[in-house]
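Student: next one to model:
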Amino acid sequence: MAVKTMAKNTGGLYAEGWHELTISKATDGNWNEKRTIDLNFEGYNENMQHRVFETHNKTSGEEFKIANLFRYSCAGILGVLKDPTGKNPVIQYDDEADNLVGARVNALFVKKHNPTTDRDYAEIYDLIPVVQKTEHLTYTEDDVAHLKAKVEKRQSTKTTPSVNGVETVTPDTETVDIPF
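Tutor: Purely as a prediction, here's the structure:
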């Protein structure tokens, strides 16, 4: 017999929790007449994609999900402009998907269960910025910690396991229309 070594598995690339990722590919698309951007990441299999869907604020009509992707990744940012009141700066950015390539983000990986195959898999729930300072935007450790806490709270209210191990969606009270 010989003494040998082996790698200790500590969860690896697809473990639940926060991972800092670099975007390797960003592709524009369309789903149900809404713009999408599909993202791939350095060091991850092509099957590990994250799709960001165009989403509009119900009150203002302003698109915010794809805009946040560019803001949080500090990609395509051309400048920060002052609004007419001088109180609320406005970010000017180029939303070409290729601008995202090379950008770094924090991604929350969650475990999902596929009842058809009876196997678990990892999925990216949401993206937020990494700690960084650029010419136009800065994200401090406190900023990132605050955003992580918000995403974790939102994610914890989205799904709850059922008796059979199949996850059921819990309505997001911020977006559900109340029937009265």
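
Student: what sits up against stretch 107-120?
Tutor: Outside stretch 107-120, the residues that touch it by Cβ atoms under 8 Å, 6 or more residues apart in numbering are 14-21, 41, 50, 121-128, 148, 151-152, 155, 164-167. (Glycine included, C-beta is placed from N, CA and C.)

Student: how about the nearest residue to residue 133, chain neighbours excluded?
Tutor: Nearest non-adjacent residue to residue 133, counting by Cβ to Cβ, 6 or more residues apart in numbering: residue 139, 7.8 Å away.

Student: now do the end-to-end distance for stretch 93-103.
Tutor: End-to-end span of stretch 93-103 (Cα to Cα, to the nearest Å): 14 Å.

Student: show the average pLDDT along the longest helix anywhere in the chain.
Tutor: Identified as the longest helix of the chain according to DSSP state H is helix 141-158. On average, the pLDDT along helix 141-158 is 95.

Student: got the CA positions of it in PDB?
Tutor: Output of helix 141-158 as PDB, limited to C-alpha atoms (Å, rounded to 0.1, in the frame of the first residue of the first chain):
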ATOM      1  CA  GLU A 141     -18.100  46.700   1.200                       C
ATOM      2  CA  ASP A 142     -21.100  48.200   3.000                       C
ATOM      3  CA  ASP A 143     -22.900  48.700  -0.300                       C
ATOM      4  CA  VAL A 144     -22.300  45.100  -1.300                       C
ATOM      5  CA  ALA A 145     -23.200  43.700   2.100                       C
ATOM      6  CA  HIS A 146     -26.500  45.700   2.000                       C
ATOM      7  CA  LEU A 147     -27.400  44.400  -1.500                       C
ATOM      8  CA  LYS A 148     -26.500  40.800  -0.500                       C
ATOM      9  CA  ALA A 149     -28.800  41.000   2.500                       C
ATOM     10  CA  LYS A 150     -31.700  42.400   0.300                       C
ATOM     11  CA  VAL A 151     -31.200  39.600  -2.300                       C
ATOM     12  CA  GLU A 152     -31.000  36.900   0.300                       C
ATOM     13  CA  LYS A 153     -34.200  38.200   2.000                       C
ATOM     14  CA  ARG A 154     -36.000  38.300  -1.400                       C
ATOM     15  CA  GLN A 155     -34.800  34.800  -2.300                       C
ATOM     16  CA  SER A 156     -35.800  33.300   1.000                       C
ATOM     17  CA  THR A 157     -39.400  34.400   0.400                       C
ATOM     18  CA  LYS A 158     -39.600  33.100  -3.200                       C
END
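
Student: tell me where this protein has strands.
Tutor: 17-31, 34-41, 50-53, 77-81, 90-93, 104-114, 119-128, 132-133, 138-139, 159-161, 167-169 (DSSP state E).
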